[in-house]
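A.B. asks: output the structure for:
(chains A and B)
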Amino acid sequence: MKNIRSIVQWLVLSVCFAASFAVAAEQESSIVVDSNGDYVFTYQGYRGWQKVKWIPATKINPRVKGLVQPVEGKPDNLSYRYTLRNGKDSRQFLVGMRLSASNVRSTEPMKPTGWVGHVTLDHAAGSGFNVGWFFRRYDGPWEAGIKPGNVQSGFGFDSSDLPGVGKIALWGARPGGQSFPDQGPNMDSPVYEEFNLIISNDFVTRLAAVPRISVPTPFNAVVVLGGIQKHVKDDMASMQLIDPALLALIDRGLTQAIAAAQGGNTSSLRHEIMNLRQLLKQEHADVDKEETDSGDVEDDNKAKRRITKLAARVLDFDLKYVEKRVRSKTES
Amino acid sequence: MHQVRAISAVLFSFSLLFPLHIVSADAIPYPATLDYGVYDKYPDPLPRSTLFGFSSALDACNWQVPNDPTWPWTLLYASEITYVSPYAEGHCMYERKNAPWTYYHQLPWIRRSLCPLGGIPESVALLTANIPPMCACPAGREFNPSQPDGSWDSCVASSLPPAACSGQGGYTIRLQGPGGTNGALANVEPGSPVTTLRANVTCAAGQPASGKQIALAVDVITHSGGHQHDQGRRPQHSGTVSFNGSDTTDANGDVSFTFTAPAPAGDHTITAQCSDGSCGTDTGSVWVGVQGLVSLYETHLYRLVGSVGVHPSNHYLTMAGTGAVVQLAELYRAEFPSDPVLRLNDASLERGGLFDIYYDYVDSNGVRHERNADGWWTSPHSEHRRGTVIDVRANGTVTAIPQRNFAEFQDLLLSLGMAWIPEHLNQSGGHYHVRLLGVAQ
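C.D. replies: Got it, this is the predicted structure:
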């Protein structure tokens, strides 16, 4: 009898312990990624404890191929064209893309059939433009756009500004109706910051050539070279696209080119530009190819180059452009 | 006798022209000059600032028009003063020139009061008309009477003969700060401290009085900061004061202290006095809020909803936020021309800060607060504090975003660089909580 009683007591205690553990576990704020790649948020909101599944728009593995070319007959206009590839391993259709540009010369970008595109002021940055595209899903199924494994070209716009390397945001299709029963975690919740990071960055980024360096009218080599130098030192360096030793060499070369341009010494300026382009060619033999591909970052890492192919191509394009404008000015 | 009368009359006339020669500066305040400014041209590289130096709101709003042919806006109108207390502000409404769409743009104009150098605006009772506040010089100083044109352009050391403080009595206490909107001691953002406030005590001769222990008290002006629900006082949100060092005046007669603003915006008062009651009292205000917020105005692109008696002005945004939401509404309308335009609910209050809306709320310690029991101030609207977040109605009613548009609306938000939290969509109170600049604040 005593044994039975002690067994019952033990069972009751065990159940109580398990129950209390379950409650404690439930009331632990957490963010977990499940086997489908979906987030499970457990948090305390203003309506109490919640557990919410959130399907992100990041289940894609895209590549961006960019092509920058002068517009025929308009030396101060450049065309930017992009082709998107949704990787075979993507688990969502690719439905949207956005980039920031320092200048865009149209109110509406080029877009493939079925896509919506717009150019707006970049209010978050305080200057420049925001260019966005998304697949029109209103009339069809929500799961549409660029299928995994497929390629879509036809995105683009014209700009007066030279390319730099910038981030392009891309996102996949996910259902439109998912929502939270409240505002998400309370502002003093331990998962509030991480929750915001996930919610505010619900896209994947790839690097590509985007308008970044202002070209004044009339053309001024000193200003443009100064813009290129700033982009290399500030942006390319912070994105770790260039080795510090090579950065120092390029910076010095650009400083000398700027000095030559300031002094009106065209032959010296062209010589400096040629040296800089040679430096880039030593790193990537095909640096003067016009297309840029966001996928080359990984390739470069394997080859341990001192500058990524994308950054080298963008820089080479910019230097070639300056050289051409200086030459045409001299010849005219 | 006639000669004496004539001399007296001349002296009297002279005293009218240059009254400070014979009267203490503190006794005659000087009228401040009104100065209008406009928030800097947008878009422009940061940092932006307010450009002052205009004689009217219209002049300020028209600043760019004659000087900059590339300025892409046409001025539609300059509004009247928007605020009654305690600062003067309105807005300039522009329309974009040669735009392929209808696009409105607002800039705030601001009116401030200029005092002669070193002078302090003495009053904030200026706001219903163009009545300037009066300026005063700090204790021990007076307006400079020696300008050839008779203008008093600065405060100079008092011409009264100096006297020792001890035994004089007649102590005076004055609050001083770096200066703020319309005569406030300082401006500070909700939740932030201002550390450069001082209480200064002088004796009758205007000399600094050292060794005086100071007592400070804080309060908040009823219904300031956009909250029409604080029944007289805000005991939980009146801000706090703390001495930076000693609470006793130093050799300059000064005690330095810090005011820490609470989460809600408002006009907060600080009252200082000597602990022994010997120096009277002085009360100053601290302007708590986020600068540069402007109200949305209804257009054909969107409707404003959600204004309630306790928070009548619920659509304040920064200039960048305003531009972003107008573009969002424009593109949504272009994409879904047959559907109702966006219904824009709460953004921020007129000065930002805590936006208390919920009637019941569970805090992070699991404690439930109910407005009927706790009163106001306990239930926060998450974010909505700095004019960059707005709620867009999606509650299943006929005027809300229909469910079939949800996926594409989200794509539109992402394509504009915005982030959002969908809150109980298609249910009562359902909406998109949109971070217009992609940032939670």
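A.B. asks: for chain A, which segments count as helices?
C.D. replies: With DSSP state H, the ranges of helices along chain A come out as A:2-26, A:192-200, A:221-230, A:237-238, A:244-262, A:266-283, A:296-303, A:309-331.
A.B. asks: packing partners for the fourth one?
C.D. replies: Based on contacts counted as 3 or more C-beta pairs under 8 Å, 6 or more residues apart in numbering or on different chains; DSSP states H and E, there is no element that helix A:237-238 packs against. C-betas here are computed from N, CA, C, even on glycine.
A.B. asks: next: the fifth one.
C.D. replies: Where contact means 3+ C-beta pairs under 8 Å, 6+ apart, helix A:244-262 is packed against helix A:221-230, helix A:266-283.
A.B. asks: now the ones you listed in JSON lines, with mean neighbour count and distance to A:A124?
C.D. replies: Listed next are the helices and strands packed on helix A:244-262 as JSON lines, based on neighbours: other C-beta atoms under 10 Å in any protein chain shown; distance: least, C-beta to C-beta, whole Å:
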{"stretch": "helix A:221-230", "mean neighbour count": "20", "distance to A:A124": "21"}
{"stretch": "helix A:266-283", "mean neighbour count": "17", "distance to A:A124": "32"}
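A.B. asks: quick one: which of the ones you listed is nearest chain B?
C.D. replies: helix A:221-230 (13.1 Å; C-beta to the nearest C-beta).
A.B. asks: what's the distance between A:A261 and A:N220?
C.D. replies: Distance, A:A261 to A:N220, using C-beta to C-beta, to the nearest Å: 8 Å.
A.B. asks: more neighbours: which of those two?
C.D. replies: Between A:A261 and A:N220, counted using other C-beta atoms under 10 Å in any protein chain shown, the more crowded position is A:A261 (23 against 14).
A.B. asks: report pLDDT for that one.
C.D. replies: We have a pLDDT of 93 for A:A261.
A.B. asks: next one: A:A125
C.D. replies: pLDDT recorded at A:A125 is 85.
A.B. asks: can I assume it is in contact with A:S102?
C.D. replies: No: here A:A125 lies out of contact with A:S102, judged by C-beta atoms under 8 Å, at a distance of 9.5 Å.
A.B. asks: neighbour count winner among those two?
C.D. replies: Counted by other C-beta under 10 Å, A:A125 and A:S102 do not tie: A:S102 has more neighbours, with 23 against 17.
A.B. asks: might one say that that one is in contact with A:L162?
C.D. replies: No: taking contacts as C-beta under 8 Å, A:S102 lies outside contact range of A:L162: 9.1 Å.
A.B. asks: who touches both of those two?
C.D. replies: A:P211, A:R212, A:I213, A:S214 (C-beta atoms under 8 Å, 6 or more residues apart in numbering or on different chains).
A.B. asks: now the last one: how far from A:L67?
C.D. replies: Distance of A:S214 to A:L67, given as C-beta to C-beta: 21 Å.
A.B. asks: same check, this time on the third one
C.D. replies: Taken as C-beta to C-beta, the spacing of A:I213 relative to A:L67 amounts to 17 Å.
A.B. asks: of those two, which one has the most company?
C.D. replies: A:I213 (23 against 17).
A.B. asks: which residues does the more buried one bridge with?
C.D. replies: Judged by DSSP bridges, the bridge partners of A:I213 are A:L162.
A.B. asks: that one contacts A:L225, doesn't it?
C.D. replies: No: using C-beta under 8 Å, A:I213 makes no contact with A:L225, being 9.4 Å away.
A.B. asks: and the residue nearest to B:H227 when sequence neighbours are not counted, what pLDDT?
C.D. replies: Excluding the flanking residues, the one nearest B:H227 by C-beta to C-beta, 6 or more residues apart in numbering or on different chains is B:P264, at 6.3 Å. B:P264 carries a pLDDT value of 88.
A.B. asks: in this structure B:P264 contacts B:G225, no?
C.D. replies: Yes: the pair B:P264 and B:G225 passes the contact test of C-beta under 8 Å, sitting 5.7 Å apart.
A.B. asks: give me the common contacts of these two.
C.D. replies: Residues touching both B:P264 and B:G225 by C-beta under 8 Å, 6+ apart: B:V288, B:G353.
A.B. asks: higher neighbour count, the two?
C.D. replies: Legend: neighbour count by other C-beta under 10 Å for B:P264 and B:G225, higher for B:P264 (31 against 26).
A.B. asks: who does A:T120 form a beta bridge with?
C.D. replies: A:N130.
A.B. asks: was I right about it contacting B:L416?
C.D. replies: Yes: using C-beta under 8 Å, A:T120 and B:L416 qualify as a contacting pair, with a distance of 6.3 Å.
A.B. asks: what sits against B:G177?
C.D. replies: So B:G177 contacts B:A184, B:L185, B:A186, B:V194, B:T196, B:L197, B:R198, B:G284, B:V286 (C-beta under 8 Å, 6+ apart).
A.B. asks: skipping adjacent residues, who's closest to it in space?
C.D. replies: Nearest non-adjacent residue to B:G177 (C-beta to C-beta, 6+ apart): B:L185, at 3.2 Å.
A.B. asks: so where's the longest strand in chain A?
C.D. replies: Ordering each strand of chain A by length in residues (DSSP state E) puts strand A:74-86 first.
A.B. asks: that one: which residues count as buried?
C.D. replies: For strand A:74-86, burial by neighbour count (16 or more other C-beta atoms under 10 Å in any protein chain shown) applies to A:D76, A:L78, A:S79, A:Y80, A:R81, A:Y82, A:T83, A:L84, A:R85, A:N86.
A.B. asks: state the distance from the residue lying closest to B:Y171 once chain neighbours are set aside to B:I173.
C.D. replies: Excluding its sequence neighbours, the residue lying closest to B:Y171 (C-beta to C-beta, 6+ apart) is B:C279, at 3.5 Å. According to C-beta to C-beta, B:C279 and B:I173 sit 4 Å apart.
A.B. asks: joint contacts of those two?
C.D. replies: Common neighbours of B:C279 and B:I173, using C-beta under 8 Å, 6+ apart, are B:V201, B:Q273.
A.B. asks: contacts for stretch B:296-314 next, please.
C.D. replies: Against stretch B:296-314 from outside (C-beta under 8 Å, 6+ apart): B:93, B:102, B:104, B:106, B:226-229, B:295, B:315-317, B:322, B:325-326, B:329-330, B:333, B:341-350, B:355, B:357, B:376, B:391, B:393, B:399.
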